[in-house]
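1. Pasting the sequence and the predicted model now:
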Amino acid sequence: MNKKSKKLICGLVRYLVLIGVSLFTLMPLIWTFSTSITPDTGIVTYKIIPKSVTLDNYQAAWDYPRLFDENVTLGTMFLNSILVAGAVTLASLLFDSMAGYALARKQFFGKTLLFWAALSTLMIPFYVIVIPLYLIILRMGLINSYTSMIIPFMSSGFGVFMFRQTFFSIPLELEEAARMDGAKDFYIYWKVMLPLVKPTIATMAIMKVLWSWNMFIWPLLVIQDYSKMPINLGLTVFRGHNITRWGLMSAGMIIATIPVLILFLSLQKWYIQGLTSGAVKG
Amino acid sequence: MPKRRLWRDTLVAYLFCAPAYTVFVLFIFIPIIWALFLSFYDFNIMTFLFPDFVGLRNYQKLLTDRYFWLALKNTAVFSIMYVPISILAGLVFALMLQERFPGRNIFRLSIFIPSVISMVVASIVWMLILSPGSSGLANRLLAAFGLESKGWLSDSRLAMFSIVIVMVWKDFGYNMLIYLAGLQNIPEELYQAAELDGASKLQRILKITLPLLKPTTFFLSVTTIIGSFQIFTPIYIMTGGGPGYATTTLVNYLYTKGFQEFEMGYATAISFVLFVILLGLTIVQRRLSRDADTVI
Amino acid sequence: MKGKLLIFLAIVLLSTSLCAKEITFWFAGGDPTLDLPVVQRQVEEFEKETGIKVKLVVVPWAEDPHTKLQVAIMSGKAPDLVKLGSPFEHVLARFGVLEPLDGLISEELKEQLLPSVLTASFYRSITPKDMTGKLISIPYFTDTRAILYRKDIFQERGVPEPIGWTWSEFVTYAKQLTFDRDGDGKIDVYGFGTAANYTYQAVMYAWQAGGELMGADDRPAFTTDEFNEGIKFYADLFNVHKVVQPGAINVDLWDVRRQLAEGTIAMYIDAGDSAKELQKILGDNLGVGLLPTNEKTGKFTSYFGSDALVIPKQSRNKAEAAKLLEWLVDKDRMTEYCIVSGFLPARLDSAADPHFSDSPVVSMYLRQLEDAHAWIAHPEANFIARTLRVEIQNAISENSDISAALKRAQELVEKQLKDKGFLK
């Protein structure tokens, strides 16, 4: 009896704590959502469940950038984010897997050096290189271009490392068999090795998409045209001008977050796998 | 291996590595070497094509720059507050959410969601929650308990702590996840054996779980500390480094000096000092955890 | 046949290249609901009148247009004409990237401009030598800051209109205006709203006390008794009299504006365009008053700024840009712009327009303009303002000694100026 009721109380306490913490972590998002569907009266409401519901804020948020550049809507910024995230991710997947394959499968001169070079990029924090990187982009005349948001990030040491790890685990026989059939290197890489590492591809893809979607400081520095701003940068534009219109602001934030949230929820498995494998395997 | 094959393989390997490594060289290695050179010059965005050579002057300036040391102090204070809290929170909730029970996955997800939201969105939302006066959500909550309103972001004693709260909110879910992965690697048999020996739950955690989680803890502390020294976005959006210089951190100071006051040479020197500090922290941590079973 | 075709093509190409002259005009600031439509229309009229195409690029203040401009100049993509916030043109001139306007602007225009504002448009620093004494900008409008207040709250608390108040009256009334309306123990209205993030909000009082930002020797003058008196007066509003709204230390000025609209503060100090915005919301309930007068000096100095038009040296269409410049600061167009935006004209003939003296709001701003001080036109103005702001904010926030903070600011600014070659 004692043990059972003790367990019950423990369980109850645990649930309470967990519910409390979950409220803490989810409340800001829930509240933002509820503010976004509440009519904007200029005064901030703090009701979680709004009295009346409207989609006006979304329409207003969508059109808000037009005030500064008629051709730009929040949708434009959204597409910019997709473009940048997409380009960075696709390029990364290709470049990193190619390098990972070479490092895993080929014997060649300077292999160790290249491996440590890739690893060392993980040790270099972004802020240390931000100024020279900025000047390089400036000198190349790429300021305020989509290119500037994409090319510095088209590959990462982490990606190279992860792909190398995964390629190691593929049995040599498969590759040798293909080679005996007369297949060339690139063909082996493309048609044989890549399909076998689909999980890693999925993992790296979602990590890269999430990372580039949420990127802030770099676009802040290099992008000046509204038409090219990714949505995360665009949001700070909102905040700067009209901090009073929280309904609009919240709607904008929800628009910026929903796709990422959906992507994450549907592909959680891969994302989590990516995060943890980096940590545990070391 | 026949020499000819080796040479051919080398060529192919370099071709495969070329795209990724071109990016590395152009956008990481060249910048960092250039950064070192730049730190010996004085220039700004208007004059970077003909900078002034000043030798070690930037570094000398750093030593006597009151705001640099304040930024360093603020960054350290932030780190000291943020790192233990966020790692501990991650650990506690990983332990709580380890075993299966109804709703476990939902809780795990709820705690992890803040990590997925962009730092920008998080900062803006929290800025509203923490707004001064009686209108902010946080203050309203305090009022409901009969407590006084606080100047979360406007009281210089409280501002940094508020930033810590926001960052912990955002990151402890990730830490929890890493710990969960680490916990998975602990064999079930160890616990069973201990239970048979009569060990209580608490003893099992202290004597088995925690020691075996050392590698994970080590990994998390290294990455979290390094990350904490680079905090920028929430401060940029929520307080602008203020009030006064209460929340100005190293990277914020770097940004101000480099992109608002256009002393880019000086800002580069600051960034190099940051780099050295981070390297130092990593090395120190490695030394302290020599017995950790990790190869990072 | 072929020859004729070629000639035809050549003519077409030539004429299109001649007619399709396009210049880029960057406009810093601007409110899409207030003045931007007028600017757009004026630009369109210019295009029709002269056949010169204009690409209007609006960069709101929150986007940091000054930085963007520098980036554009450095990447070789400078616009042809820029409307920016004075005294930033002095920073640009220091790096030799501005075209001196002496030869491009007509004499009549120079004569019509307000003398005080025109003086500020000449580059005075000792370096670079070839720019000293040159005209580097033309003022687009000027504006000063006055007290904006809620007539209803003033009436409720029996406070007279803020004209000719002394410093002590200001404090008394501000305290009177800070009250708990519904008796729940929480203060509902704060007497004086401010935003310490804006250095001028504090420095105005220093000027009123007789202090100066820079002394005659080109050194900062933060440690004079007068300067200290002014800053201390401002700081006391926070910590001694407690009439300032929570968060005032680092909120944005438009937050304060919103609070006036909501009625959670009774008065604050801001420029003409905010007055215009508030008029839309509050109507006649919005009152405009003059800054308080320092009993000793009799000054009620406010901060006046101006926006100016400059032509970057890089521009390849300087003559066309100059044409657009003169077009925009034409008497009627400047008058029209100022009426809509709430700012004050920088031309004598425009300022004489009855619209300005007839409007209760604008006429008060004109009265305030009688005692107004410009910010320093120094290439290191950014650093000076930030250092001062940070030290003052910190002292207020920690409730520590103001004179020590100002002394520190003085030392830091002197060190910087020495480093940069402005001081020996």
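-> Sure thing, it's come through. Residues are numbered from 1 along each chain as shown, chains lettered A, B, ... in the order given.
2. Mind listing what's buried along the helix or strand harbouring B:Phe68?
-> Per DSSP states H and E, B:Phe68 falls inside helix B:66-96. For helix B:66-96, burial by neighbour count (16 or more other C-beta atoms under 10 Å in any protein chain shown) applies to B:67-68, B:70-72, B:74-75, B:77-79, B:81-83, B:85-87, B:89-96. All C-beta spots, glycine's among them, are computed from the backbone N, C-alpha and C.
3. What's the separation between C:Asn394 and chain A?
-> 24 Å (C-beta to the nearest C-beta, to the nearest Å).
4. What are the boundaries of the helices in the stretch 101-250 of chain B?
-> B:104-116, B:119-129, B:137-144, B:159-184, B:188-196, B:201-204, B:210-212, B:214-228, B:233-238, B:250-255 (DSSP state H, counting those that start in this stretch).
5. Dump those to TSV, plus mean neighbour count.
-> Formatted as TSV, the helices of the stretch 101-250 of chain B follow (neighbours: other C-beta atoms under 10 Å in any protein chain shown):
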stretch	mean neighbour count
helix B:104-116	19
helix B:119-129	24
helix B:137-144	15
helix B:159-184	22
helix B:188-196	12
helix B:201-204	12
helix B:210-212	13
helix B:214-228	20
helix B:233-238	23
helix B:250-255	25
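6. Pick out the shakiest of the ones you listed, pLDDT-wise.
-> Mean pLDDT per stretch puts helix B:201-204 lowest among these, at a mean of 77.
7. still on that earlier bit, also near chain C: which of the buried residues of helix B:66-96, exactly?
-> Near chain C, taking C-beta under 8 Å from any C-beta of the partner chain as the test, the members of the buried residues of helix B:66-96 found are B:Tyr67.
8. How about B:Asn74: what's its closest non-neighbour residue?
-> With sequence-adjacent residues excluded and distances taken as C-beta to C-beta, 6 or more residues apart in numbering or on different chains, B:Asn74 is closest to B:Thr249, at 5.3 Å.
9. Ok, A:Thr73 next?
-> Using C-beta to C-beta, 6+ apart, the nearest residue to A:Thr73 is A:Trp62, at 5.4 Å.
10. same deal with A:Leu119?
-> A:Leu119 sits nearest to A:Gly157 (C-beta to C-beta, 6+ apart), 5.9 Å away.
11. Look up the pLDDT of the one you found for me, please.
-> In this model, A:Gly157 carries a pLDDT of 88.
12. picking up where we left off before, OK, contacts around the residue nearest to B:Asn74?
-> Listed by C-beta atoms under 8 Å, 6 or more residues apart in numbering or on different chains, the contact partners of B:Thr249 are B:Ala71, B:Asn74, B:Thr75, B:Phe78, B:Ile231, B:Phe232, B:Ile235, B:Gly241.
13. Please repeat the previous calculation with a cut-off of 6 Å.
-> B:Ala71, B:Asn74, B:Thr75, B:Ile231 (C-beta atoms under 6 Å, 6 or more residues apart in numbering or on different chains).
14. Redo the residues you listed as JSON lines? Include pLDDT.
-> Shown next, in JSON lines, are the contacts of B:Thr249 (pLDDT from 0 to 100):
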{"residue": "B:Ala71", "pLDDT": "94"}
{"residue": "B:Asn74", "pLDDT": "95"}
{"residue": "B:Thr75", "pLDDT": "95"}
{"residue": "B:Ile231", "pLDDT": "91"}
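15. Next one: C:Gly263 relative to A:Pro39, how far apart?
-> Applying C-beta to C-beta, to the nearest Å, the value for C:Gly263 to A:Pro39 is 20 Å.
16. The closest residue to A:Leu55 other than its chain neighbours - how many residues pack around it?
-> Of all residues not flanking A:Leu55 in the chain, A:Ile37 sits nearest, at 7.0 Å (C-beta to C-beta, 6+ apart). Neighbours of A:Ile37 under the rule other C-beta atoms under 10 Å in any protein chain shown: 18.
17. So A:Ile37 is in contact with A:Asp56, correct?
-> No. Counting by C-beta atoms under 6 Å, A:Ile37 does not reach A:Asp56; the two are 9.2 Å apart.
18. hmm, back to that, what helices or strands is the helix holding B:Phe68 leaning on?
-> helix B:159-184, helix B:214-228, helix B:250-255 (3 or more C-beta pairs under 6 Å, 6 or more residues apart in numbering or on different chains; DSSP states H and E).
19. Backbone dihedrals for C:Tyr205, please?
-> In terms of degrees, to the nearest 10, the main-chain angles of C:Tyr205 are phi -70, psi -30.
20. okay, stretch C:50-70 in PDB with CA atoms only?
-> This file holds the C-alpha atoms of stretch C:50-70, laid out as PDB (Å, rounded to 0.1, in the frame of the first residue of the first chain):
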ATOM      1  CA  THR C  50      12.700  66.800 -67.300                       C
ATOM      2  CA  GLY C  51      12.600  63.300 -68.900                       C
ATOM      3  CA  ILE C  52      15.100  62.100 -66.400                       C
ATOM      4  CA  LYS C  53      14.100  58.800 -64.900                       C
ATOM      5  CA  VAL C  54      14.400  58.500 -61.200                       C
ATOM      6  CA  LYS C  55      14.700  55.300 -59.200                       C
ATOM      7  CA  LEU C  56      13.500  56.100 -55.700                       C
ATOM      8  CA  VAL C  57      14.800  53.800 -53.000                       C
ATOM      9  CA  VAL C  58      13.400  54.300 -49.500                       C
ATOM     10  CA  VAL C  59      15.400  53.100 -46.600                       C
ATOM     11  CA  PRO C  60      13.600  53.600 -43.300                       C
ATOM     12  CA  TRP C  61      15.600  54.700 -40.200                       C
ATOM     13  CA  ALA C  62      15.300  51.300 -38.600                       C
ATOM     14  CA  GLU C  63      17.200  49.900 -41.600                       C
ATOM     15  CA  ASP C  64      20.300  51.900 -40.800                       C
ATOM     16  CA  PRO C  65      20.400  53.800 -44.000                       C
ATOM     17  CA  HIS C  66      23.700  55.400 -43.200                       C
ATOM     18  CA  THR C  67      25.500  52.100 -43.000                       C
ATOM     19  CA  LYS C  68      23.800  50.900 -46.100                       C
ATOM     20  CA  LEU C  69      25.000  54.000 -47.900                       C
ATOM     21  CA  GLN C  70      28.600  53.400 -46.900                       C
END
